[in-house]
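Novice: okay, sequence plus prediction incoming.
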Amino acid sequence: MVDTDGTQFAAITETTSFLHHFKELPDHRQAGKVEYPLPEVLLLILLAVLAGAETFTDIARFGERKIGLLRRFRPYANGTPSHDHLGDIFATLDARAFQLCFVAWVAALTNTPAEIIAVDGKTSRRSYQKSSKEAIHIVSAFAARQRIVLGQVKVNEKSNEIVAIPALLDMMSIEGAVVTIDAMGCQRDIAAKIIEKKADYILALKGNQGTLREDVELFVDEQKALKYKDTTISTHKTVDADHGRIETRNYAVIHDVGWLQARHQWPGLNAVVVVESLRETNGKITNETRFYITSLVLLANVVGPMIRAHWAIENSLHWVMDMVFRDDECRVRTDNAPANFSTCRHIAYNLTRKAPGKDSIRLRRKTAGWDDEYLASLVAA
């Protein structure tokens, strides 16, 4: 096949649904001066990140060496951009529009609605601008059981999670899901937003809610002393043993919370959850008690595993982003580029997670770098 400028390239033999969901992404470059169409840039970056690229310099080199593979999907009539050009394009690309396209793509990617959505933030430590020294903080929504990133929004610091979480929830359809959030997100407005979107919540309760936490702890202490004879509860117990550590968790769901609701008028509140953990490691025993509030009307044997599932966002997402995708080492810093690059890493994460087989994400990325056919299979629809 020959383009109008005489450039030869191979016939396009493969397609990817990924690009279909990003076709409405606005491109604010002057149309007459665009050498590299935005879909080609996005596909180049995605394939490169899947294959192990961590910087725009890596991506530019990938484009030079893999032009034949790229032209299986798109013409790339002008080849691929330099690393500086890639950085400029991603710095000016609308981050929120990119995130909205991502959410639409994930909705089409997943076969079943998310049952448990864990929401938590992570800082990209080297993404700070030299002038401000502020690294970006990405708040992500994670389908805890499907192990898929559902959406993300950028904030400038962790304290802004309170504002970011409602915006993130507004991007997604969460009807019927249970949203779990740590204590930072234990806010009335967030609880109200979840209920408004026809979902339920489990919110960790710590000192940031002042008298609510104090009232719950006082009531629990009183009822424990009376062996909960004055209230209705359900209980559940689990014992985990791993690497020389034994951890016993006792869950108690207190279903009579009319007194608490009358005092605090918390949106949708139906129960309080108490989790007592006893951990034994090398003969040393530690205890911890955690409190949660929830809109659920379910027994402890159902609520307990949902609380445990929240930690999947730490173990299966944040840890993988740091150790496999090297998120904390990424020096992409200019304007919208850090947020957009983070979205690309999440796209790559979802695609590698959804790939068949039992290989780790680390090994799948290495295989994608070695094997063009495997790499193409990750994005081909």
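Specialist: Cool, the structure landed. On a predicted model such as this, the values are computed, not experimentally measured, just so you know.
Novice: which residues of the stretch 51-200 of the chain fall in strands?
Specialist: 116-123, 137-143, 148-155, 178-181, 200-205 (DSSP state E, counting those that start in this stretch).
Novice: low-confidence ranges in this structure?
Specialist: The chain contains residues with pLDDT under 70 at 1-13, 15, 124-134, 156-159, 208, 329-331, 333, 381.
Novice: let's go with 50 and repeat that
Specialist: Within the chain, the stretches with pLDDT under 50 are 1-10.
Novice: ok, longest helix in it?
Specialist: In the chain, ranked by residue count with DSSP state H as the criterion, the top helix is helix 337-354.
Novice: check which residues of that one are buried.
Specialist: Neighbour-count burial for helix 337-354 flags 337-353 (criterion: 16 or more other CB atoms under 10 Å). Glycine gets a C-beta too; all of them are placed from N, C-alpha and C.
Novice: swap in stretch 97-107?
Specialist: Buried positions in stretch 97-107, judged by neighbour count with 16+ other CB under 10 Å: F98, Q99, L100, C101, F102, V103, A104, W105, V106.
Novice: look up phi and psi at V34.
Specialist: Note on V34: backbone dihedrals following degrees, to the nearest 10 are phi -80, psi 110.
Novice: which SSE is the closest residue to it other than its chain neighbours in?
Specialist: Nearest non-adjacent residue to V34, counting by CB to CB, 6 or more residues apart in numbering: D27, 7.3 Å away. Here D27, judged by DSSP states H and E, is contained in no helix and no strand.
Novice: let me see the contact set for D27.
Specialist: Taking CB atoms under 8 Å, 6 or more residues apart in numbering as the contact definition, D27 lies against V34, L38, L93.
Novice: ok, now how distant is it from A77?
Specialist: D27 sits 17 Å away from A77, taking CB to CB, to the nearest Å as the criterion.
Novice: got it, and A31?
Specialist: 15 Å.
Novice: higher neighbour count, those two?
Specialist: A77 (19 against 6; other CB atoms under 10 Å).
Novice: what pairs with the residue most central in space within the chain across the strands?
Specialist: Central residue of the chain (CA atoms, centre = their mean): S140, 3.4 Å from the mean position. Following DSSP bridges, S140 is listed with bridge partners D120, Q152.
Novice: that one reaches K154, doesn't it?
Specialist: No: counting by CB atoms under 8 Å, S140 sits too far from K154 to count as a contact (10.5 Å).
Novice: out of everything not next to it in sequence, what's closest to H310?
Specialist: What sits nearest to H310 in space, not counting adjacent residues and going by CB to CB, 6+ apart, is T180, at 4.0 Å.
Novice: now do the contacts for that neighbour.
Specialist: Per CB under 8 Å, 6+ apart, neighbours of T180: I116, I117, A118, V119, A144, Y201, I202, L203, M306, I307, A309, H310.
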